[in-house]
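1. Show me the folded form of this:
(one chain, ligands or ions: 2)
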Amino acid sequence: MNPAVQAVTDRIVARSRDTRRAYLDLIERERDTWIGRPRLGCANLAHAYAGTPEDRAAMRGGDGMNIGIVTSYNDMLSAHAVYYRYPEQMKVWAREVGATAQVAGGVPAMCDGVTQGYPGMELSLFSRDTIALSTAVALSHGTFEGAALLGICDKIVPGLLMGALRFGHLPMVMVPGGPMPSGLPNKDKAAVRERYAVGQVGREELLEAEIGAYHSQGTCTFYGTANTNQMMMEVMGLHMPGAAFVNPGTKLRQALTRAAVHRLAAIGTSSQDYRPLGLCVDEKAIVNAAVGLLATGGSTNHLLHVPAIARAAGIVIDWEDFDRLSAAVPLLARVYPNGSADVNGFEAAGGMPYVIGELLASGHLHRDIMTIAGDDLSAYANKPVLEGDALGWVSPGASGDDTILRPASAPFSPDGGMRILQGNVGRACIKVSAVERDRWIVEAPARVFDDQLDVLEAFKAGELDQDVVVVVRFQGPRANGMPELHKLTPPLGVLQNRGFRVALVTDGRMSGASGKVPCAIHVSPEALPNAQGVGGNIGLIRDGDMVRVDAVSGTLDVLADAGVLAARERPTPPPAPTGMGRELFGMFRAGADEAEKGASAMLAGAML
Ligand SMILES: O=C(O)[C@H](O)[C@@H](O)[C@H](O)[C@H](O)COP(=O)(O)O
Ligand code: SF4
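-> Ligands and ions are numbered 1, 2, ... in the order given. Prediction:
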């Protein structure tokens, strides 16, 4: 193993010893005391079977696994619309192997693309907790010996895992749907947006470009949070090998979904090959997730999601771990926004099988983890193919395009391009893999805002045409639910194109699709004072202060005397958000943990 990766793994194992032990004790108790169908009463069983009378005899009399399907189907996410008919197909495939399947429950799924820049985005992060809670409600019927989790996008995979892990004595498989075919290239879409931002094209032309990019069912093809989730499922071995980026509606996709149902039925508590989720998600799998994130230039949102998923399994990973891993993990992939290719191009060049093969050979990934396919991650270094109707796996061979995928021996960069910044503004994250090297340090006067829409107004009024560090505060988990501020990407990109030195500093988030502007995000502590009245220094920055974002030395400072800062009066926070249901999420905001712990209200109160 790479020494730095092993050292971080050892740190995490040591730090997690007690909490991981408490988690393993939980799932052992659950396995031994699980209500399950043998212990359920007759009335309870009758209720459970009544919804699917066609399988009642098999569920009642057979000893096959009853699979609980947890689905996030809806038509709002192009990625999840593909799930519409999955349950009925999965029931047929379950019967093929003497098992049965029922829809245990549905979970909500927000499309961050639909809500981006609007009030709904302020529900996005806590929709992850809502999904976790909904997953628990689905599985709490206790009538399943395994679960199939249908989810792909941003908060849905993390939410499903955070909930399902508390039923970690059960075997589970993630079931992906795949990316839509490529449409208008992402770079061309971004260029039209920048022209729209300066009035060179109208709304109709912009809409035409956007529809050209997002044109059909399947996951959007940029390497954002959704596709980073798919990468993560590969390096953690939680779905069928190579399932991440096979397009929906293809014979290969259908064969992979059928194989997932058959595999799940074979790894239950009564089988010789018992693979419970709680043992699959261990410290090494979590380190693999972090390594995969860094090696592929994945979404900054995973600096929140990986800690939250880990915590649900009793494992504690922090940003220091990511920073140490980033210094040791090479960047092997350039996929938009880190390059011009999309995930279809990435897949065609060799995709995750190639990346995993390289990182196993270079010692950056842990090979010996429990995956749903077996006890060796090298199975995921092969890509699925159909030979007639037979599903098989073959080596991906060498990279098909070295502008997209490179070997660990000749990476795009020797490190993963995620940095932790620390200084008198607090701790923050920055992803530099999509930022030109000469913009890794920006020192400029601050312009301070409480709302991203005010930034857009200032841009339109020409007030930002200068070197500037745009500070958007009161965007943290407790303030307004920590929205993504991705609508700022086009105007900040225009300012950068005009030759200005530009950076963003916020206690909010950016999208996984955000790229070329240096952004110090997830600033902790956030501006809004906590219950003890302590607020982060990001709340003390004023217009005109010089702020230095330095991704080379890893610092984030306002260049003001400490005494001057301390003497400043704290700004009045904006009122708590209402409308679009946001007032309903006040309990999540009030209970939210710091960003570095995953910013979950649910986990803050769910410690074992
Ligand atoms: O983290 C992410 O990947 C984003 O949340 C993504 O899911 C969201 O949909 C963006 O808004 C898409 O980018 P555009 O808004 O540029 O289409
Ligand atoms: S990738 Fe983002 S925009 Fe696309 S369907 Fe998923 S959540 Fe929506």
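
2. Point me to the residue of the stretch 451-600 of the chain nearest ligand 1.
-> Of all residues in the stretch 451-600 of the chain, G512 sits closest to ligand 1, at 3.2 Å by CB to the nearest ligand atom. Heads up, the C-betas are built off the backbone N, CA and C, glycines and all.

3. Burial check on that residue, number of neighbours?
-> A count of nearby residues for G512, using other CB atoms under 10 Å, gives 26.

4. OK, contacts around it?
-> Counting by CB atoms under 8 Å, 6 or more residues apart in numbering, G512 makes contact with D154, F222, Y223, G224, T225, A226, N227, T228, G298, S299, T300, N301.

5. which among those are in contact with ligand 1?
-> Counting by CB under 6 Å from any ligand atom, D154, G224, T225, A226, S299, N301 from these sit close to ligand 1.

6. Contact partners for the residue lying closest to the first one once chain neighbours are set aside?
-> Counting by CB to CB, 6 or more residues apart in numbering, D154 lies nearest to T225, which is 4.0 Å off, once chain neighbours are set aside. T225 makes contact with D112, C153, D154, S299, N301, H302, H305, S511, G512, according to CB under 8 Å, 6+ apart.

7. Drop anything exposed from those.
-> Neighbour counting by 16 or more other CB atoms under 10 Å classes D112, C153, D154, S299, N301, H302, H305, S511, G512 among the contacts of T225 as buried.

8. Can I get these in JSON lines including secondary structure?
-> Listed next are the buried ones among the contacts of T225 as JSON lines, based on DSSP: H, G, I helix; E, B strand; the rest coil:
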{"residue": "D112", "secondary structure": "helix"}
{"residue": "C153", "secondary structure": "coil"}
{"residue": "D154", "secondary structure": "coil"}
{"residue": "S299", "secondary structure": "coil"}
{"residue": "N301", "secondary structure": "coil"}
{"residue": "H302", "secondary structure": "helix"}
{"residue": "H305", "secondary structure": "helix"}
{"residue": "S511", "secondary structure": "coil"}
{"residue": "G512", "secondary structure": "coil"}
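
9. From those residues, which one has the minimum pLDDT?
-> Lowest pLDDT of the buried ones among the contacts of T225: G512, 86.

10. For the closest residue to that one other than its chain neighbours, which residues are in contact?
-> Leaving aside its sequence neighbours, G512 sits nearest to S299 (CB to CB, 6+ apart; 2.7 Å). Contact analysis of S299 by CB under 8 Å, 6+ apart lists D154, Y223, G224, T225, T228, L293, S511, G512.

11. If we use 6 Å, what do you get?
-> G224, T225, T228, G512 (CB atoms under 6 Å, 6 or more residues apart in numbering).

12. repeat for C220
-> Y214.

13. Same check on V505?
-> V505 touches V469, V471, A520, counting by CB under 6 Å, 6+ apart.

14. Are we agreed that the first one is in a helix?
-> No. Going by three-state DSSP, the assignment for V469 is strand, not a helix.

15. follow-up on the earlier one: any chance of the contacts of V505 in CSV, plus pLDDT?
-> Output for those, formatted as CSV (pLDDT from 0 to 100):
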residue, pLDDT
V469, 98
V471, 98
A520, 98
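
16. Out of those residues, the closest to A104 would be?
-> Using CB to CB, A520 comes nearest to A104 of the contacts of V505, at 41.2 Å.

17. Distance-wise, check that closest one relative to L456.
-> For A520, the distance to L456 equals 20 Å [CB to CB, to the nearest Å].

18. Check R311 too.
-> From R311 over to L456 the distance is 35 Å, taken as CB to CB.

19. the more surrounded of the two?
-> Neighbour totals were compared for R311 and L456, and R311 leads with 25 against 18 (other CB under 10 Å).

20. ok, residues contacting stretch 388-398?
-> Contacts of stretch 388-398 (CB under 6 Å, 6+ apart): A255, A259, G350, P353, Y354, N382, K383, P384, V385.
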